[in-house]
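> Sequence isn't available, so here's the structure alone:
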């Protein structure tokens with residue numbers, strides 16, 4: 001009799017909590033993707049047929065180091081082979097122990113057998129119709145997922161700490177790097193597998209002046225990942241008077257992004273699946289998206305950590321250069337959204353949570369806040385005009401510790417990215433002035449919204465309150481801001497029965513637009529009267 005076998009692996013949360021650097025977060029995540037891939041192979045070897053997850057659809061395409069397998073597996077297995085599952089798990093852990101041992105170290109299988117929590121359950125199912133695979137098997141895994149590592153005696157060596165500290169020395173990292181380097185697809189910046197937060201933040205500067213950028217790295221003796229002292233020196237040199245980056249480097253080059261994304265309403269889609277083939281087809285479709293997403297992120301200058309189908313975690317610079325133009329991370333998010341939409345999954349879209357964090361901000365906290373933006377804001381958004389989720393929730397964490405946050409609908413996202421290029425062509429102080437004025441006009445905007453008069457009155461309001469020379473010089477940009485404002489006010493939403501607040505959200509979005517389109521400080525012009533006097537004297 002055939003059974004359904006369900007396996008869950010961990011402790012993922014506990015492991016991720018140990019990561020303090022970008023490469024450590026990658027290692028902590030990739031560890032489990034690698035383990036799942038090994039488990040799939042071992043379960044197949046004992047006669048199991050893996051239903052989920054499916055192997056990536058095109059092995060010839062690079063993953064850019066990203067883990068692509070999630071923490072649960074479902075397989076059909078003959079009842080006679082169920083007794084072999086424990087041996088298959090042990091074999092997989094043994095192979096993982098060898099892969100994560102640092103150079104010259106002995107594979108410590110005993111440590112990983114005790115540290116890793118691999119729980120499994122099996123049950124005969126007559127049918128997989130109406131989502132039975134998840135409905136029947138997930139409850140059996142949910143409780144076991146909470147089990148934590150347990151050692152009777154403290155281990156002689158903490159192999160997890162060793163892995164995080166010396167990840168580049170492991171076969172796991174070397175294999176991930178070599179596999180993609182052989183395809184010649186990396187974006188060219190990193191000397192190692194993973195960039196530091198400062199590397200990510202300054203990626204646009206690398207794109208614009210690669211030789212000068214590499215020379216600067218050599219000056220601070222950075223041959224792998226920038227340490228704290230090197231980072232301080234690096235930034236001092238970037239923003240120093242006479243630097244090759246003078247007139248290019250700006251405030252957002254001190255910030256990096258952590259992005260979480262997840263497909264909406266896939267549970268409803270799963271409930272319509274009827275057999276092994278339909279589950280496998282969906283998994284194959286999602287693995288194809290994972291490869292495309294990894295390419296989009298890499299081409300922008302980001303670094304994927306984990307892309308398990310509809311579930312994404314990646315780093316990215318605030319801005320990079322595409323086709324000679326500066327574009328923000330929201331342009332890349334828009335491309336990811338378009339790629340997911342091409343899957344044509346009924347009632348499913350991608351929601352995103354993003355933090356734009358100062359490069360010194362603790363990585364652990366920035367990652368957690370990014371996840372919270374996804375789970376507690378984007379995923380709980382309900383749109384007044386119908387629908388829910390399908391949102392981008394952002395938080396900008398300033399150097400001072402202050403922050404602001406907001407929600408973008410997909411229509412607002414489009415208006416935002418359409419505005420970027422033109423806003424950058426306008427005066428540096430244009431958006432700053434609008435932000436300041438919006439703060440004083442918030443009450444008026446709220447009244448117009450309440451009376452449903454905003455759309456009719458907005459042209460007159462802009463003519464009356466934004467009629468200074470800077471606004472007249474930037475007429476195309478003002479039209480884009482006005483269009484963005486209307487789109488935001490038409491995207492009403494609430495989270496857990498609390499209104500998002502139109503004006504507050506637009507104010508946050510404007511500040512975000514100002515941040516990602518910021519330009520370097522202009523060089524001081526000589527005093528006009530003094531210049532005239534000098535000219536007059538000479539003549």
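Looks like it arrived, so ask away. Since the model is a prediction, treat every value here as computed from it, not as a measurement.
> List the contacts of residue 458.
Neighbouring residues of residue 458 by C-beta atoms under 8 Å, 6 or more residues apart in numbering: 448, 482, 485, 486. (Each C-beta comes from the backbone N, C-alpha and C, glycine too.)
> what about it, helix or strand, and which?
Element membership of residue 458, judged by DSSP states H and E, is helix 454-465.
> What residues does residue 398 make contact with?
residue 358.
> let me redo that: residue 280
Contact analysis of residue 280 by C-beta under 8 Å, 6+ apart lists 51, 52, 54.
> if we can go back for a sec, pLDDT averaged over the helix holding residue 458 - what is it?
The average pLDDT within helix 454-465 is 87.
> average pLDDT for stretch 292-304?
93.
> So the most centrally placed residue in the chain versus residue 376, what's the distance?
Centroid check for the chain by C-alpha atoms, centre = their mean gives residue 259 as the closest residue, at 2.1 Å. From residue 259 across to residue 376, the span is 16 Å (C-beta to C-beta, to the nearest Å).
> do residue 490 as well
For residue 490, the distance to residue 376 - C-beta to C-beta - is 24 Å.
> any chance of the contacts of residue 280 in a markdown table, plus distance to residue 316, pLDDT and neighbour count?
As requested, the contacts of residue 280 are exported to a markdown table (distance: C-beta to C-beta, whole Å; pLDDT from 0 to 100; neighbours: other C-beta atoms under 10 Å):
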| residue | distance to residue 316 | pLDDT | neighbour count |
| --- | --- | --- | --- |
| 51 | 33 | 94 | 22 |
| 52 | 28 | 92 | 22 |
| 54 | 27 | 89 | 20 |
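> can you put the residues you listed in JSON lines and add secondary structure and distance to residue 512?
Below are the contacts of residue 280 laid out as JSON lines (DSSP: H, G, I helix; E, B strand; the rest coil; distance: C-beta to C-beta, whole Å):
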{"residue": "51", "secondary structure": "strand", "distance to residue 512": "42"}
{"residue": "52", "secondary structure": "strand", "distance to residue 512": "37"}
{"residue": "54", "secondary structure": "coil", "distance to residue 512": "38"}
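> if we can go back for a sec, just want the phi and psi numbers for the closest residue to the residue nearest to the centre of the chain other than its chain neighbours.
Of all residues not flanking residue 259 in the chain, residue 354 sits nearest, at 4.8 Å (C-beta to C-beta, 6 or more residues apart in numbering). Here is the backbone geometry of residue 354 (degrees, to the nearest 10): phi -140, psi 140.
> quick one: the strands in the stretch 201-350 of the chain?
255-263, 303-308, 311-317, 319-322, 325-328, 350-358 (DSSP state E, counting those that start in this stretch).
> lowest-confidence stretch among these?
Lowest mean pLDDT within these: strand 303-308, a mean of 92.
> Please state the offset of that one from the chain centre?
Centroid displacement of strand 303-308 relative to its chain, using C-alpha atoms, centre = their mean, to the nearest Å, is 8 Å.
> which residues are contacting it?
Outside strand 303-308, the residues that touch it by C-beta under 8 Å, 6+ apart are 22, 25-26, 29-30, 33, 53, 63-70, 190, 194-195, 200, 290, 293-294, 297-298, 312-316.
> Where does pLDDT dip in the stretch 201-350 of the chain?
Counting by pLDDT under 70, the ranges of the stretch 201-350 of the chain that qualify are 222-226.
> Check the stretch 51-200 of the chain too.
Low-confidence segments of the stretch 51-200 of the chain (pLDDT under 70): 57, 143-154, 178-193.
> hmm, 90 instead?
Along the stretch 51-200 of the chain, the parts satisfying pLDDT under 90 run over 54-66, 102-106, 114, 126-132, 134-135, 138-158, 168-169, 173-196, 199.
> still on that earlier bit, Throw the contacts of residue 458 into a markdown table and include distance to residue 173, secondary structure and neighbour count, thanks.
A markdown table is the format used below for the contacts of residue 458 (distance: C-beta to C-beta, whole Å; DSSP: H, G, I helix; E, B strand; the rest coil; neighbours: other C-beta atoms under 10 Å):
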| residue | distance to residue 173 | secondary structure | neighbour count |
| --- | --- | --- | --- |
| 448 | 57 | helix | 19 |
| 482 | 50 | helix | 15 |
| 485 | 47 | helix | 23 |
| 486 | 49 | helix | 15 |
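> can you list the residues you listed in JSON lines and add distance to residue 363 and pLDDT?
Below are the contacts of residue 458 laid out as JSON lines (distance: C-beta to C-beta, whole Å; pLDDT from 0 to 100):
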{"residue": "448", "distance to residue 363": "43", "pLDDT": "83"}
{"residue": "482", "distance to residue 363": "39", "pLDDT": "91"}
{"residue": "485", "distance to residue 363": "35", "pLDDT": "91"}
{"residue": "486", "distance to residue 363": "38", "pLDDT": "91"}
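> Same list (these) but as CSV, adding distance to residue 82.
Below are the contacts of residue 458 laid out as CSV (distance: C-beta to C-beta, whole Å):
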residue, distance to residue 82
448, 67
482, 65
485, 61
486, 61
